[in-house]
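Engineer: Need the 3D shape of this:
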Amino acid sequence: MHVCDRGADTFEFLEQLVGAGRSFVIRSKSNRRRVGGEGAGAKLHDHLRTFPARAGWWGQAREGAGRSRPVKLQGCWATGTVPAPRGRGTVTVPVVRVWEVEIPAGDTGVEWFLRTDRAVGDIASMRQVVSIYQRRPIIEEYHKALKTGCGVENLPHRTRAVLATAVGITSVLAVALLELRDLARDPGRQDDPAAGAVGGRAVRVLST
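Structural biologist: Numbers count the residues shown, from 1 in each chain. Predicted coordinates for the structure are as follows:
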């Protein structure tokens, strides 16, 4: 499953995933002209904005530094066909629109357009696509733990085989760092003994 932010919203990447039968949820960046569109709904995002909400629910919006806030969301879906640049083909995939209502003053609010290979025909399947995309921030934080916490980009190794082994080890450490971070932010767990999370040996080594 490819879960991607707006930087991956290129026709070439989407075409490649569809052609290879890959599973994906990609946030759309560009309000592209859709095939068969006319008037105010000629472009994909504008077309989705003409659809009424099919469901509403409470969710979480990321605010940076691992923080989030509760948001009231609504969603709808449609199938969108977009042409390739310079007219060399088209790609047709389901698109889910999610937007925030009752937006706080001074905030831009949430609005996502999510392209996917998954069949979207009811509220449950729409919510599933949204929940998949909402897991993307933890993937970014995992990459940050790999790069900043474990220094994976500074490894001295140069051969592919040795790098693969080193990255495999640091990947486990990166997950452990994220787990420790979440425990540290949990008000109900901050007074727990550290040995319960990392083991007595690690506590003795760090104390020494």
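
Engineer: is it true that residue 26 lies in a strand?
Structural biologist: Yes. Under DSSP: H, G, I helix; E, B strand; the rest coil, residue 26 sits within a strand.

Engineer: Is it bridged to anything, and to what?
Structural biologist: Residue 26 has these beta-bridge partners by DSSP bridges: residue 4, residue 115.

Engineer: Check what pLDDT it gets.
Structural biologist: Listed pLDDT for residue 26 reads 97.

Engineer: in stretch 5-14, what counts as buried?
Structural biologist: 8-9, 11, 14 (16 or more other CB atoms under 10 Å). To be clear about C-beta, it is placed using only N, CA and C from the backbone, and glycine gets the same treatment.

Engineer: end to end, how far does that stretch reach?
Structural biologist: 13 Å (CA to CA, to the nearest Å).

Engineer: ok, and what's touching that stretch?
Structural biologist: Here stretch 5-14 makes contact (CB atoms under 8 Å, 6 or more residues apart in numbering) with 2, 26-30, 82, 84-85, 91, 93, 115, 136.

Engineer: Can you show me the helices along the protein?
Structural biologist: Ranges of helices in the chain, per DSSP state H, are 11-20, 44-49, 123-133, 136-144, 160-185, 195-198, 200-207.

Engineer: Point out where this protein drops to low pLDDT.
Structural biologist: Within the chain, the set of residues satisfying pLDDT under 70 comprises 40, 63-67, 87.

Engineer: Can you tell me, leaving aside adjacent residues, what's nearest to the spatially most central residue of it?
Structural biologist: For the chain, the residue sitting closest to the mean C-alpha position, by CA atoms, centre = their mean, is residue 136 at 2.5 Å. For residue 136, ignoring the flanking residues on the chain, the nearest one in space by CB to CB, 6 or more residues apart in numbering is residue 3 at 4.9 Å.

Engineer: Can you report how many residues neighbour that neighbour?
Structural biologist: A total of 18 residues lie near residue 3 under the criterion other CB atoms under 10 Å.

Engineer: Then residue 54?
Structural biologist: Number of residues near residue 54 (other CB under 10 Å) recorded here: 15.

Engineer: And this protein, what are its domain boundaries?
Structural biologist: With automatic domain parsing as the criterion, the domains of the chain are listed as 2-134, 140-207.

Engineer: Output the longest strand belonging to the protein.
Structural biologist: Taking DSSP state E as the assignment, the strand of the chain that covers the most residues is strand 67-83.
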